[in-house]
Every structure is written in C-alpha cells, then in structure tokens.
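In: Any chance you could fold what I've pasted below:
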Amino acid sequence: MGSPSGFYGWHIVAAAFIVAVFGWGVGFYGPPVYLEVVRQAHGWPITLVSGAVTLHFLAGVGIVANLPVLHRRFGLPAVTFAGAVVLAFGVLGWAWAQTPGQLYAAALLTGAGWPALGAAAVNAMIAPWFVARRPAALSMAYNGASIGGVVFSPLWVALIGRVGFPAAALIVGAVMVGTLGLLAQIVLPRTPTALGQVPDGDAGAAANPKLENAPLRPVARLTRDRAFLTLSLGMALALFAQIGLIAQFVSVLVPALGTQGAGLVAGLKTAAAIAGRMLVGWCMPAGADRRGVAAVSLLVQALGCGTLILSGSTDVPLLLLGIVLVGSGIGNATSLPPLIAQVEFARADAPRVVALIVAISQAAYAFAPALFGLLRQLGSDNAIFWAAAAIQLAASGAYLAGCRACKLRRGAIGPLPRA
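Out: Here you go, the predicted model:
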C-alpha cells in the first residue's frame with residue numbers, strides 16, 4: 001500500500017484541474033466570446049446568436065444527467081477524451097458557421113462535448129480517490145474552472161484578434177485534444193485498486209459507513225427524496241443568480257470604472273472565488289454541516305449584492321467590497337453540492353445525484369443571462385442585484401430545509417431503504 005507521500009490521488013487532482021481549465025475555458029467562458037465575434041462577423045441579431053448560447057447550455061443537460069452511465073459503459077478516460085474532441089469540433093463549427101442553421105448545429109456539438117469536462121466529470125475523477133480529504137481535493141480541482149476563465153477569456157480575444165476565429169479555434173482545439181488525450185491515456189486510467197492504494201492514502205476513512213453498502217435506488221425514488229429535491233433546488237437557484245450576475249457584471253461596472261478597470265475588477269472577482277473555495281475546502285471540519293456552510297456562503301453573496309446596491313454603481317470602495325463578497329461564494333456554488341451529496345447519499349447513488357443536480361442547474365442557468373438582461377432593460381442596474389440577493393436567500397433556505405443530512409451524519413438513521 002502506497003505511503004501518503006506516494007499517494008497517486010494527487011496526480012488525479014492535478015489532471016482534473018487541467019481538465020477543468022479546458023472544460024470551463026472553452027465550454028463555459030468561451031461562448032460569450034464566440035457570441036460577440038459571430039455577431040460582428042455576420043451582422044446577425046443579438047437575439048439569434050444569444051439563442052445559440054442558450055442552446056449550447058441546454059444541449060448538455062441530457063449528457064450530464066447520463067454521465068455516470070457513460071462512464072460505466074465506456075470508461076471515464078474515453079468519455080473525457082471524446083468530450084474534448086466533440087467540443088473542439090463544435091468550436092470550429094462556431095468559427096466556420098455561415099448560416100444560422102450551421103451556428104445552431106455547432107452549439108449542439110459544443111453543448112454535448114463540454115459536460116464531459118465539467119463539474120460532474122471532475123467530481124467523478126476525484127470521488128474514487130478521496131473521502132475524508134475530498135473537500136480539499138475538489139476545491140483544488142475545481143479551481144481549474146476559475147483559472148480557465150482567467151486564462152481563456154483574454155486568450156480567446158487576443159488569438160481571434162491576431163489570427164482570426166477559425167485559426168484560433170483550430171489552435172485551442174488541437175492543444176485541448178492533445179493535452180486531454182495524454183491525460184486520458186496516461187493518468188486517468190489508474191485506479192486505487194490497481195495501485196494497491198485506498199482513498200486518501202493511508203489516512204483514508206469512510207464518510208459514513210452506514211451509507212457504503214446501501215442499495216442503488218431508481219431515479220424516480222430519488223426525485224421524491226427531500227434531500228435530493230432541496231439539494232437540487234439550492235444548487236440551481238445559486239447558479240442561476242451567479243450566472244445572471246456574471247453575464248452583466250462588466251457592463252454594469254464600466255460607467256464607474258471604465259473598460260479596463262471593469263476588466264481588472266472581474267479578475268478580482270475570480271481571485272475571490274479561488275480564495276473562497278480554497279478556504280472552505282481546506283478549513284471545513286470533517287463533521288461540519290455542509291448544508292450550513294453552503295447556506296452561509298450564499299448569505300455572504302447576498303450581503304455582497306446589498307453592498308453593490310448601496311454603492312449606487314458609483315462608490316468605488318463599496319463596489320470593490322461588493323465584488324469580493326459576491327466572488328467569495330462563486331466557487332463554492334459548484335464545489336459544495338457534490339460534497340453534500342457525498343455525506344447524504346449512498347456511495348452507489350452519489351455519482352448519479354451529482355450528475356442530476358448539475359444537469360438540473362445547467363438547464364436552469366441557461367436562461368439566466370437573458371432574464372437578467374431583461375431586468376436591466378426594464379428596470380435599472382440595481383434590479384439585477386435585488387433579484388440576485390432574493391434568489392441567493394431562497395437558495396440558502398433550500399439548503400437548510402434539507403435537514404436529513406444532519407440525521408445521516410449523526411447516524412440517526414440506517415441505510416437507505418431498498419427500492
């Protein structure tokens with residue numbers, strides 16, 4: 001059995017980090033850039049191109065929901081590599097599209113490819129290797145998502161400006177497929193059993209022994225489960241508010257900070273997201289109420305929205321404070337729900353639960369940019385902060401309503417009932 005210093009799980013964390021960098025950099029932060037480039041190139045209405053972005057996110061819902069099935073049938077490395085290939089071809093489709101029909105076909109491809117590199121996929125990579133240290137491992141891996149935004153948002157703009165969209169898509173796609181192909185061939189196929197190791201190395205410990213051997217339940221049974229429903233609702237609401245804000249942040253900040261200043265503040269938001277995720281991942285005690293942590297993180301974000309309202313979009317110190325408070329919870333909105341699922345559901349159920357809650361959230365937040373844009377158009381900049389704060393408070397309440405998690409941690413109930 002390997003020593004902690006030789007524990008291979010940390011190599012998996014590094015690989016998952018790289019997967020997340022490309023997954024979010026190309027599949028999540030990329031579409032807003034593609035939208036503007038395509039709109040300028042063809043003069044198509046913004047609503048038409050925005051529809052392609054919405055389709056991109058909706059197209060991946062079915063893939064995310066069935067990711068555990070795909071992993072069992074074809075293997076996680078093969079599905080990861082296939083996702084990279086499909087995503088790369090999809091981005092090329094965005095670059096080469098000459099008609100709206102071709103654009104929407106490309107959106108279907110990018111939407112189908114990026115879930116294999118997204119939140120549920122990263123969780124699937126980490127889960128076999130970590131139990132007690134999973135919060136820290138996931139926080140490190142998911143930070144790849146934030147780095148993907150930091151690196152790829154300006155990289156796309158610079159590359160497209162220098163060599164054009166088709167060449168930029170080809171370069172990024174080739175690097176992504178080559179890099180993830182190597183990871184899928186060399187790193188991801190390793191398993192703890194094959195290497196004679198246990199989760200967390202020699203320090204591994206089960207999160208809840210009563211849940212380890214609980215039977216697999218059908219999806220229909222899960223959808224009537226209070227813990228599943230409140231977890232799904234909490235994550236969906238949190239990400240809906242978050243994506244809606246992210247889509248509008250820069251344009252809201254430009255009047256007070258200028259274009260360059262708004263871009264720098266967007267970077268501050270990302271730094272706060274990384275810091276917030278790392279703080280929770282490394283400092284959250286093993287027996288902590290993870291739903292409570294998620295609820296507090298959302299309350300801090302709501303406080304940030306309140307600070308942005310008080311700033312009147314002109315008071316720079318309050319603007320910066322509000323951005324930091326909102327940003328501190330951005331990473332946790334993605335990383336905490338899988339950690340909640342880890343302690344509330346049987347080991348066999350947890351991967352399906354994570355995939356389903358990610359799919360439900362993605363279906364919801366696909367419409368957030370359009371709705372928040374409509375709120376700004378009908379009201380004012382503050383309207384989106386009021387709306388986000390209300391949604392974040394509702395998400396916090398949803399997490400707290402799922403009190404079944406506390407009972408499971410205390411061992412108050414036994415294994416989940418057989419379907």
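In: quick one, phi psi at residue 45?
Out: Residue 45 adopts backbone torsions of phi -60, psi 150, taken as degrees, to the nearest 10.
In: neighbours around it, how many?
Out: Residue 45: 11 surrounding residues under other CB atoms under 10 Å. C-beta here means a position set from N, CA and C on the backbone, and glycine is covered the same way.
In: and what of residue 102?
Out: Neighbour count of residue 102, defined by other CB under 10 Å: 13.
In: Check it and give its pLDDT.
Out: With respect to pLDDT, residue 102 scores 96.
In: so where's the longest helix in the chain?
Out: helix 226-283 (DSSP state H).
In: elements contacting it?
Out: Under the contact criterion of 3 or more CB pairs under 8 Å, 6 or more residues apart in numbering; DSSP states H and E, helix 226-283 touches helix 134-163, helix 290-311, helix 316-327, helix 332-344, helix 350-365, helix 368-378, helix 381-401, helix 404-409.
In: Run the chain-centre distance for the helix or strand just after the longest one.
Out: Where DSSP states H and E defines the elements, the next helix or strand beyond helix 134-163 is helix 165-186. With CA atoms, centre = their mean, to the nearest Å as the basis, helix 165-186 stands 21 Å off its chain's centre.
In: just how off-centre is the next helix or strand after helix 165-186 within its chain?
Out: Where DSSP H and E defines the elements, the next helix or strand beyond helix 165-186 is helix 192-195. For helix 192-195, the distance from its own C-alpha centre to the chain's C-alpha centre is 28 Å (CA atoms, centre = their mean).
In: Now tell me what touches helix 192-195 from outside.
Out: By CB atoms under 8 Å, 6 or more residues apart in numbering, the residues outside helix 192-195 that reach it are 2, 8, 9, 128, 129, 198, 199.
In: so of these, which ones are in strands?
Out: Nothing among these maps onto strands, per DSSP state E.
In: Of these, which pair is most distant in space?
Out: Pairwise distances across the contacts of helix 192-195 (CB to CB) peak at 14.5 Å, for the pair 2 and 128.
In: quick revisit: let's have the contacts of helix 192-195 in JSON lines, adding distance to residue 373.
Out: Shown next, in JSON lines, are the contacts of helix 192-195 (distance: CB to CB, whole Å):
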{"residue": "2", "distance to residue 373": "51"}
{"residue": "8", "distance to residue 373": "46"}
{"residue": "9", "distance to residue 373": "42"}
{"residue": "128", "distance to residue 373": "41"}
{"residue": "129", "distance to residue 373": "41"}
{"residue": "198", "distance to residue 373": "49"}
{"residue": "199", "distance to residue 373": "44"}
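In: Now the phi/psi pair for residue 285, please.
Out: The phi and psi values for residue 285, taken as degrees, to the nearest 10, are phi -60, psi 160.
In: That one: neighbour count?
Out: Residue 285 is flanked by 8 other residues according to other CB under 10 Å.
In: got it, and residue 317?
Out: By other CB under 10 Å, 9 other residues sit near residue 317.
In: how far off helix 381-401 does the longest helix of the chain point, in degrees?
Out: Relative orientation of helix 226-283 and helix 381-401, computed by axes from the mean of the first three to the mean of the last three CA atoms, to 10 degrees: 100 degrees.
In: and helix 226-283 with helix 350-365, angle?
Out: Using the same axes, to 10 degrees: helix 226-283 against helix 350-365 is 100 degrees.
In: Helix 226-283 - what's its average pLDDT?
Out: What helix 226-283 shows for mean pLDDT is 84.
In: what's the answer for stretch 385-403, then?
Out: Stretch 385-403 comes out with an average pLDDT of 93.
In: hmm, who's touching that stretch?
Out: Contacts to stretch 385-403, defined as CB under 8 Å, 6+ apart, come from residues 226-227, 229-231, 233-238, 240-242, 244-245, 291-292, 294-296, 298-299, 301-302, 305-306, 308-309, 340, 344, 372, 375.
In: How is this structure partitioned into domains?
Out: The record's domain parsing of the chain by automatic domain parsing lists 1-205, 206-419.
In: what distance separates the start and the end of stretch 153-171?
Out: End-to-end span of stretch 153-171 (CA to CA, to the nearest Å): 15 Å.
In: Could you check it and say which residues are buried?
Out: Under the neighbour-count criterion of 16 or more other CB atoms under 10 Å, stretch 153-171 has 153, 155, 156, 159, 160, 165, 168, 169, 170 buried.
In: Closest one of those residues to residue 326?
Out: Each of the buried residues of stretch 153-171 was scored against residue 326 by CB to CB, and residue 153 proved nearest at 17.7 Å.
In: sorry, back to before: could you turn the buried ones of the contacts of stretch 385-403 into a ChimeraX selection?
Out: Buried subset of those, written as a ChimeraX selection, criterion 16+ other CB under 10 Å:
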select :227,230,231,233,234,235,236,237,238,240,241,242,244,245,291,294,295,296,298,299,301,302,305,308,309,340,344,372,375
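In: Give me the buried stretch members for stretch 246-265, please.
Out: By neighbour count on 16+ other CB under 10 Å, the buried set for stretch 246-265 is 246, 247, 248, 249, 250, 252, 253, 256, 257, 262, 265.
In: Generate TSV for those, with distance to residue 76 as supplementary columns.
Out: Putting the buried residues of stretch 246-265 into TSV (distance: CB to CB, whole Å) gives the following:
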residue	distance to residue 76
246	29
247	31
248	36
249	34
250	36
252	40
253	40
256	46
257	43
262	39
265	37
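In: re the thing from before, tell me the angle the longest helix of the chain makes with helix 290-311.
Out: Relative orientation of helix 226-283 versus helix 290-311 (the same axes, to 10 degrees): 80 degrees.
In: how far does helix 226-283 sit from the chain's center?
Out: Between the centre of helix 226-283 and the centre of its chain there are 11 Å (CA atoms, centre = their mean).
In: Also stretch 89-107?
Out: With CA atoms, centre = their mean, you get 24 Å for stretch 89-107.
In: cool, and stretch 355-364?
Out: The answer for stretch 355-364 is 10 Å, by CA atoms, centre = their mean.
In: try stretch 271-285
Out: Here stretch 271-285 is found 15 Å from its chain centre; the criterion is CA atoms, centre = their mean.
In: still on that earlier bit, ranking the domains of the chain by mean pLDDT, which is last?
Out: Averaging pLDDT over each of the domains of the chain puts domain 206-419 lowest, since it has a mean of 82.
In: Quick check: buried residues in stretch 180-188?
Out: For stretch 180-188, by 16+ other CB under 10 Å, it's 180, 183, 184, 187, 188.
In: got the CA positions of that stretch in CSV?
Out: Extracted C-alpha coordinates of stretch 180-188, given in CSV (Å, rounded to 0.1, in the frame of the first residue of the first chain):
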residue,chain,number,x,y,z
LEU,A,180,-6.5,15.7,-22.6
GLY,A,181,-5.7,12.8,-24.8
LEU,A,182,-2.4,12.4,-23.0
LEU,A,183,-4.1,12.6,-19.6
ALA,A,184,-6.8,10.1,-20.7
GLN,A,185,-4.0,7.7,-21.9
ILE,A,186,-1.5,8.1,-19.0
VAL,A,187,-3.1,9.5,-15.8
LEU,A,188,-6.9,8.9,-15.7
